[in-house]
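Novice: My questions are about this predicted structure, shown below with the sequence.
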Amino acid sequence: MPRFTRTLLACTSAFLMGAMALHAQAETRVTYKSASAGTAYYQMGVELAEAIRRGTDGEVVVTLEESQGSVQNVMEVMARQGNYVFTTPPGLVESAHEGKGPFAERQSPRFEEIRGLFPIPAITMHFVLADEAGVVSLDALEGKEILIGQGTFGAREARRYLELFELIDKVEVANASIGSGPDALKNGQIDAFVTASSFPTPNVIETAASMPVSLVSLTDEQISRTGATHQTIPADTYAGVDEKVETTSLPVIAYTTTGMDEDTAYTLTRTFWERRDAMTEEAAWWGSITHDMIGNIAGTLHPGALRYYDEVGIEIPDELR
């Protein structure tokens, strides 16, 4: 090979390697921790990562990590550095700040470094019955065998509601995992099941597509007694449920820490809101997100997120600043 050709190839290779190195340096990498694979919240993480990639032309790369749940996500703040994003109900952030609940024996000053970014779809309570009415009242559960699962937020909340409204002795609680709920309902082994997930949740979509179902709609007084956040599931969210359903939900927030720089937090927040409509076209649960839900954030906003909200004129409560 002539010396000139060898020199040209060497220079070209060096240029390409340098360009690749600069591109790698230009990428901002973010770790996102939400839930275990196969869950609705893990799927949301997949969708959010793709939205951020598209919205930033690949300049921000979001890598998903599996999680055992929100408590683990908050606990990892103690050891995580840099661009760590995690999801959790805001109540757990409050518990971490106060050293209560699961954080009573594991307190850390790093919990004070948690900062909010934006809301994601809430955990919404669904009481699903084998019934043709579409929407029914809570007392429709009387005399029914109902599957609520065990060890999850939805199971705890379902049992709390049954006790609160004095139904616990008027129903039979099935002893099975919540994952078997749709099949058990379709096979006539149970009369109802409870699931807690963002709407429209896949297991209710699947069930409603194969048999007539109804959802329990709570009254304003009942919702008030639960102390939970009011949530409306729009009419026609599920096949055969052609009226809106009033129920409750648990807000969920995407958080980071002060370890994230302001520009990255700004870019993530801006891209999330700018891509929300496109995300909704591919997965309907993103359509439930509104600016009002920012007020559910516990603690304070990251300065980068706050910069975006102020820039576009979204009103932010003083306590979040």
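Specialist: Cool, got the structure. Residues are numbered from 1 along each chain as shown.
Novice: and the longest strand for this protein?
Specialist: strand 114-130 (DSSP state E).
Novice: What strands flank the following helix or strand past that strand, and is each parallel or antiparallel?
Specialist: Once strand 114-130 ends, the next helix or strand along the chain (criterion: DSSP states H and E) is strand 135-136. Strand 135-136 has the following strand partners under DSSP bridges: strand 213-216 (parallel).
Novice: Give me the neighbour count for the nearest residue to Leu268 once chain neighbours are set aside.
Specialist: Among residues not flanking Leu268 along the chain, Leu117 sits closest, at 6.1 Å (CB to CB, 6 or more residues apart in numbering). Glycine gets a C-beta too; all of them are placed from N, C-alpha and C. Residues lying near Leu117 (other CB atoms under 10 Å) number 24.
Novice: Please name the residues that touch Leu117.
Specialist: For Leu117, the contact set (CB atoms under 8 Å, 6 or more residues apart in numbering) comprises Val85, Ile253, Ala254, Tyr255, Thr256, Ala265, Leu268, Thr269, Phe272, Leu301, His302, Ala305.
Novice: Pull out the buried residues from stretch 196-209.
Specialist: Ala196, Ser197, Ser198, Phe199, Pro200, Thr201, Asn203, Val204, Ile205, Thr207, Ala208 (16 or more other CB atoms under 10 Å).
Novice: end-to-end on it?
Specialist: One end of stretch 196-209 sits 19 Å from the other (CA to CA, to the nearest Å).
Novice: Could I get the average pLDDT for that stretch?
Specialist: Stretch 196-209 carries an average pLDDT of 90.
Novice: Check stretch 70-85 too.
Specialist: The pLDDT scores in stretch 70-85 average 94.
Novice: Next, the buried residues of it.
Specialist: Buried-residue list, stretch 70-85, by 16+ other CB under 10 Å: Ser70, Val71, Asn73, Val74, Met75, Glu76, Val77, Arg80, Asn83, Tyr84, Val85.
Novice: Over to stretch 260-280?
Specialist: So for stretch 260-280, counting by 16+ other CB under 10 Å, buried means 260, 264-273, 275, 279.
Novice: Go through those and flag which are in helices.
Specialist: The members of those that map onto helices under DSSP state H are Thr264, Ala265, Tyr266, Thr267, Leu268, Thr269, Arg270, Thr271, Phe272, Trp273, Arg275, Met279.
Novice: For my notes, please list those residues in JSON lines and give pLDDT and distance to Val171 for each entry.
Specialist: As requested, those are arranged in JSON lines below (pLDDT from 0 to 100; distance: CB to CB, whole Å):
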{"residue": "Thr264", "pLDDT": "98", "distance to Val171": "49"}
{"residue": "Ala265", "pLDDT": "98", "distance to Val171": "46"}
{"residue": "Tyr266", "pLDDT": "98", "distance to Val171": "49"}
{"residue": "Thr267", "pLDDT": "98", "distance to Val171": "49"}
{"residue": "Leu268", "pLDDT": "98", "distance to Val171": "44"}
{"residue": "Thr269", "pLDDT": "98", "distance to Val171": "44"}
{"residue": "Arg270", "pLDDT": "98", "distance to Val171": "47"}
{"residue": "Thr271", "pLDDT": "98", "distance to Val171": "45"}
{"residue": "Phe272", "pLDDT": "98", "distance to Val171": "40"}
{"residue": "Trp273", "pLDDT": "98", "distance to Val171": "42"}
{"residue": "Arg275", "pLDDT": "98", "distance to Val171": "43"}
{"residue": "Met279", "pLDDT": "97", "distance to Val171": "38"}
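Novice: Closest one of the contacts of Leu117 to Phe165?
Specialist: Of all these, Ile253 has the smallest distance to Phe165: 28.7 Å, by CB to CB.
Novice: and the gap between the closest one and Leu117?
Specialist: Ile253 sits 8 Å away from Leu117, going by CB to CB, to the nearest Å.
Novice: And the strands in the protein, which stretches?
Specialist: Secondary structure of the chain by DSSP E: the strands cover 28-33, 60-65, 84-88, 114-130, 135-136, 145-147, 172-174, 192-197, 213-216, 229-233, 245-257, 300-301.
Novice: for the protein, which spans come out with low pLDDT?
Specialist: 1-26 (pLDDT under 70).
Novice: switch to 80 and redo it
Specialist: Within the chain, the segments meeting pLDDT under 80 span 1-26, 36, 38-39, 150-152, 177-179.
Novice: tally of neighbours for Pro90?
Specialist: 18.
Novice: Please report the distance of it from Met279.
Specialist: Distance from Pro90 to Met279, counting by CB to CB: 22 Å.
Novice: Now do Pro283 against Pro251, distance only.
Specialist: No, residue 283 isn't Pro; it's Ala. Using CB to CB, Ala283 is found at 19 Å from Pro251.
Novice: and the two? which has more neighbours close in?
Specialist: Per other CB under 10 Å, whichever of Ala283 and Pro251 has more neighbours is Pro251, with 21 against 17.
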